[in-house]
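In: Return atomic coordinates for the entry below.
(one chain, ligands or ions: 1)
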Amino acid sequence: MERIVINGGRPLNGEIEVSGMKNAALPILMGCLLVEDKCIIENLPEIDDVTLSLKILSAMGMSVRMINRNTVEIDSTFAVGGTAPIDLVRKMRASYYLLGAELGRFGRAYVGYPGGCDFGVRPIDQHIKGFEALGAEVNVEGGYVEVIAKDGIRANNIFFDVITVGGTMNVMLAAVKAEGTTIIENAAREPHIVDLANFLNSCGAKISGAGTDTIKIKGVTELHGCTYAIIPDMIEAGTYMFAAAITKGNLKITNVIPKHLESITAKLEEMGVEVEDGDDCVTVKYCGTLNRINVKTMPYPGFPTDMQPQMGVLLCLCSGVSCLSEGVYDNRFRYFEEVKRMGANVKVDGRTAVIEGIEKFSPAVIKAVDLRAGAAMVLAGLATVGRTEIEEIRHIERGYDDIVGKLRAVGADIEKVTYPDDTEPVSKAN
Ligand code: EPU
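Out: Numbers count the residues shown, from 1 in each chain. The predicted structure follows:
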């Protein structure tokens, strides 16, 4: 059993470097399946979801060779479709990108139904609608999704009923080699959509409009290998920006694209926190106040749902009453039960939380209920004088590259502690 243990209440000061973006790396790794050649992917974050993705690709017959800690060479020449091990696929939402990638490469796909964080119902009906529009038949049976395009993939126009990151990327993957031009309307506009398009274009695809709500994919017959570097992770960056604010510190966060952080920066400034943009860095400085604000999460360029738990914890320590609305998922407030154990004053009603600021948290043993909620618990611990212990940290390790080491380097008293499985840890927490 592993826990993160934090003795908080110290302002963080110094520089933190951000790693490559998880939600760009995963579709790009799966996208390598489309390329019957060698691809070199750089700036990969060292996180469990990347390790899991590489295991899945190896099990499918692809050659996977780490060149260094953040660079991998993948050759998918001998990949076999329909062979992704179900026990691995079930552990990660992003395994659904194999559907689009297998369909694009082999004209059929057979992949276990994806897992992932639990935010209520997370259907894939829009992915299915997209595959059907491209001429495929889709069956979901026995825990697997089977997609077959008997007469090959045909380009088509697809209008998504909801803005979906995964659906947009999956249709892009499936349509890259379709005959004709596919147009996706009401597409998601996240930076990782642009990153996947840039990667595929570096391999010879013809995708335009990524980053807008209309994406055009002109089918090509063949893709070739390339060397491609993943963009920095805006959610990891945002998490460390909040770490500066919540610890009353001053952090320079490097290897970022400040444009991607605009909605996060705007909210910090509204609270009274100073944010200064550089070319590829932001500096965040606490200036004596954390004012209450209202926040609603939305698809990009709105405030990201993947920063909502971190925002929820920060608002707990702002002066006054804040209102936090979740605009993407039905059930992403479960983490408040954990911060309530630290004294937070929050009322949740459906997709809205009303948060009355308190002066300080009291230390407790708390749980990472999912990935971003786990990062939010780390923020709570950093802000709290005394010993906070976080359980179920496997969620955090799925998506944060060396969070403990990075925070320790800027002054946090934080460590990962391993307890024997059958011993209940002796905690000094209240
Ligand atoms: N939706 C549908 N039907 C679909 C697809 C989505 O109704 O076919 C709904 C979802 O239920 C949700 C909304 O549309 O209410 C948006 O879902 P989306 O498809 O955009 O999310 P996703 O692709 O499943 C990715 C990230 C999430 C991130 C969301 C939103 C990956 C692997 N996951 O999920 O990341 O929250 O986009 O930006 O890229 C995380 O990193 O912690 C994380 C959860």
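In: May I have the beta-bridge partners of the closest residue to residue 257 other than its chain neighbours?
Out: In space, and not counting its chain neighbours, residue 257 is closest to residue 232: 6.0 Å by CB to CB, 6 or more residues apart in numbering. Glycine gets a C-beta too; all of them are placed from N, C-alpha and C. Residues in a beta bridge with residue 232, per DSSP bridges, are residue 20.
In: tell me the contacts of the residue of the stretch 51-200 of the chain found nearest the ligand?
Out: Of all residues in the stretch 51-200 of the chain, residue 166 sits closest to the ligand, at 2.7 Å by CB to the nearest ligand atom. Residues in contact with residue 166 (CB atoms under 8 Å, 6 or more residues apart in numbering) are 93, 94, 96, 97, 124, 127.
In: Double-check the last one against residue 170; I have them as touching.
Out: The reference is to residue 127. Yes - shown here, residue 127 and residue 170 form a contact pair, counting by CB atoms under 8 Å, at 4.8 Å.
In: Can you pull the residues that touch both of the two?
Out: 96, 99, 100.
In: any idea how far residue 37 is from residue 191?
Out: 26 Å (CB to CB, to the nearest Å).
In: if you count what's nearby, which of the two comes out ahead?
Out: Under the criterion of other CB atoms under 10 Å, the comparison of residue 191 against residue 37 puts residue 191 first, with 20 against 17.
In: Excluding residues flanking it in the chain, which one is nearest the more buried one?
Out: That would be residue 260: by CB to CB, 6+ apart, it lies 5.0 Å from residue 191.
In: Can you tell me how far that neighbour is from the ligand?
Out: Counting by CB to the nearest ligand atom, to the nearest Å, the gap from residue 260 to the ligand is 13 Å.
In: and that residue, what are its phi and psi?
Out: Per-residue torsions, residue 260: phi -70, psi -20 (degrees, to the nearest 10).
In: Around it, how many other residues sit close by?
Out: 24.
In: Tell me how far the residue of the stretch 51-200 of the chain closest to the ligand lies from residue 403.
Out: 24 Å.
In: what do you get for residue 183?
Out: 40 Å.
In: So between those two, which is more surrounded?
Out: The neighbour count for residue 183 versus residue 403, taken as other CB under 10 Å, is higher for residue 403 (25 against 16).
In: for that one, what are its contacts?
Out: Residue 403 neighbours (CB under 8 Å, 6+ apart): 4, 375, 378, 396.
In: From those, pick the one nearest the ligand.
Out: Distances from the ligand to the contacts of residue 403, taken by CB to the nearest ligand atom, are shortest for residue 375, at 8.9 Å.
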